[in-house]
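# I would like to see how this sequence folds:
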Amino acid sequence: MGKTIRSLENVPFSTRLLKTKAFLRCHFSTPSSFSLPFTSMATPPAVPTAAAAAATSIAPIFINTATLRSIITYKSLIQHFRTSLPIVTSILHSPPRQSYSLSPPSSLLLMPSWSSSSSFPYLGVKLITYFPQNSALQLPGVNGSYVLFDSATGQTLASMDGTELTLWRTSCVSGLASEILARNDATVLVMIGSGNLAPHLIKAHLTAKPSLRRVIIWNRTEEKARKLAQFLENEGKFEGVCFESSGRFLEEVVGMGDIISCATNSETPLVKGARLKAGAHLDLVGSFKHSMRECDDEAIKRGRVFIDNEMALEEAGELVGAFERGVIGKGEIGGNLVELIKGEKVGRRDSEEVTVFKSVGSAVVDILSAQLVYETYRNGGL
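Numbering: from 1, shown residues only. So this is what the prediction gives:
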């Protein structure tokens, strides 16, 4: 029986589904493939043997962090979002994230998503723990897992590092947005922040815009920015790109960027709109609650604002505050990412226009990322 289970691990999903349907028809003798097994109390069906049931089971896969990194690329995930988001958005159910307070200040967050179509046979949930006090223990404050299930049978398909998955999906959403909205001749990327997300954002933008040749990293602690720049330089993955840190005033650094990407927890505006150069693209990633702001009202006023999804209008401090102060109205938002991909909304209109992209994340891009990781693994992408 052990050999039988292992032999099914590489069987395609469609084949497994056909086997499951055949199994149900054989053992439950019903006129409909997935109707209730007991159509009559007179002649109950035979109970399937344990060996037969095991033959249709799927062995769950654990994809560790190192494996995830080895089978996914920024290019593949950006392209996956571009081709898949317009298709799956209408068939995925993704309720608002659920947050539970634990012992203060810790919390647990759940982000579920599931498909209503056999064309995308998945359901999944991301579980995130937030323990900010872990810094005193030299441990990460945020930890997560993602669990992917078969939406036709409910069987567990895979579990993977949810924290790492989030870093990839967040950066590649920003990369896709800059691919659409930033100028094609952009040469300078300014990265504000040097936390765990920063190297992913830098690589996603460099992948999306091959014209970039200079990356300037700014952080309140300059030494952290210097170490990140040195790390990326030593990696040598982007030939012809110069990585550097800056100890200059942020206002001066912002004015140098063709693309400015922010990944901070700042509650005071870092990017001043008056300092943005003509034609700049501003990528705002860090804020996810009303008290957080990475740019001032002038940046929102100067730029045409785009969002990853509608939740940004309710959660992002930069936008909620701008609405409350009458800087812009919700009707002035340029569009969301799916509308941009489909061409339903116009992105950049000219080389002088300032564009702003605000993302807050969603369970939709989580499950799409998990799908790509899982299917690449199953197809021998190691």
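
# Assess the claim that S115 and L123 are in contact.
Yes. Between S115 and L123 there is a contact at 6.4 Å, judged by CB atoms under 8 Å. Every residue, glycine included, has its C-beta placed from N, CA and C.

# Between the two, which contacts overlap?
Common contact partners of S115 and L123 (CB atoms under 8 Å, 6 or more residues apart in numbering): S151.

# what about the strands in the stretch 1-150 of the chain?
Taking DSSP state E, counting those that start in this stretch as the criterion, the stretch 1-150 of the chain contains strands spanning 61-63, 92-93, 98-101, 107-115, 122-130, 142-150.

# Where among those strands is average confidence lowest?
Among these, strand 98-101 has the lowest mean pLDDT, at a mean of 90.

# Which other helices and strands does that one contact?
strand 107-115 (3 or more CB pairs under 8 Å, 6 or more residues apart in numbering; DSSP states H and E).

# okay, which residue is most central for this protein?
Residue closest to the mean C-alpha point of the chain, counted by CA atoms, centre = their mean, is R169 at 2.6 Å.

# looking at the strands of the stretch 1-150 of the chain, which is closest to L181?
L181 lies closest to strand 92-93 among the strands of the stretch 1-150 of the chain, at 24.1 Å (CB to CB).

# What are the contacting residues of the closest one?
With CB under 8 Å, 6+ apart, strand 92-93 has contacts from S113, W114, S115, S116, F120, A363, V364, I367.

# Now the helix or strand where E252 lies: buried residues?
In this structure, E252 is located in helix 250-254 according to DSSP states H and E. For helix 250-254, burial by neighbour count (16 or more other CB atoms under 10 Å) applies to L250, V253, V254.

# Pull the distance from the helix or strand just after it to the chain's centre.
Using DSSP H and E, the helix or strand that directly follows helix 250-254 along the chain is strand 259-262. Centroid separation for strand 259-262 versus its chain: 17 Å, with CA atoms, centre = their mean, to the nearest Å.

# per-residue confidence averaged over strand 259-262?
Strand 259-262 carries an average pLDDT of 98.

# What strands line up against that strand, and which way round?
strand 188-192 (parallel), strand 281-284 (parallel) (DSSP bridges).

# Contacts for the very next helix or strand once past the shortest one next, please.
Secondary structure here is assigned by DSSP H and E; on that basis, the next helix or strand after strand 281-284 toward the C-terminus is helix 297-302. Contacts to helix 297-302, defined as CB under 8 Å, 6+ apart, come from residues 269, 271-274, 276, 282, 318-319, 321-322, 325, 327-328, 354, 356.

# For the residue nearest to the centre of the chain, give me its contacts.
L77, G361, V365, D366, L368, S369.

# can you confirm the second one is in a strand?
No. Secondary structure of G361 (DSSP: H, G, I helix; E, B strand; the rest coil): coil, not part of a strand.

# mind listing what the residue lying closest to it once chain neighbours are set aside touches?
Closest residue to G361 apart from its sequence neighbours, by CB to CB, 6 or more residues apart in numbering: T170 at 6.0 Å. With contacts defined as CB under 8 Å, 6+ apart, T170 is in contact with L197, H200, L201, V285, S359, G361.

# Taking the contacts of helix 297-302, please make a PyMOL selection of just the buried ones.
Typed into PyMOL, the line below selects the buried ones among the contacts of helix 297-302, using 16+ other CB under 10 Å:
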select buried, resi 269+271+273+276+282+318+319+321+322+327+328+354+356
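
# Q133 contacts S107, correct?
No. Look at Q133 against S107 with CB under 8 Å: they stay out of range, at 11.7 Å.

# When these two are compared, which one has more neighbours?
S107 (15 against 12; other CB atoms under 10 Å).

# Can you tell me, leaving aside adjacent residues, what's nearest to that one?
Y130 (4.7 Å).

# Report the beta-bridge partner residues of the one you found.
Bridge pairing for Y130 - DSSP bridges - gives S107, V142.

# cool, E244 as well?
Using DSSP bridges, the beta-bridge partners of E244 come out as I216.

# ok, of the contacts of strand 92-93, which one's closest to S174?
Set against S174, the nearest of the contacts of strand 92-93 by CB to CB is V364 (15.4 Å).

# didn't that closest one look like it was pressed against S113?
Yes. With contact defined as CB under 8 Å, V364 reaches S113; the gap is 6.1 Å.

# anything in contact with each of these two?
L92, S94.

# For the stretch 1-150 of the chain, which residues score under the pLDDT cut-off?
Filtered on pLDDT under 70, the stretch 1-150 of the chain yields the residue ranges 1-56.

# ok, 50 please
For the stretch 1-150 of the chain, applying pLDDT under 50 flags the ranges 1-55.
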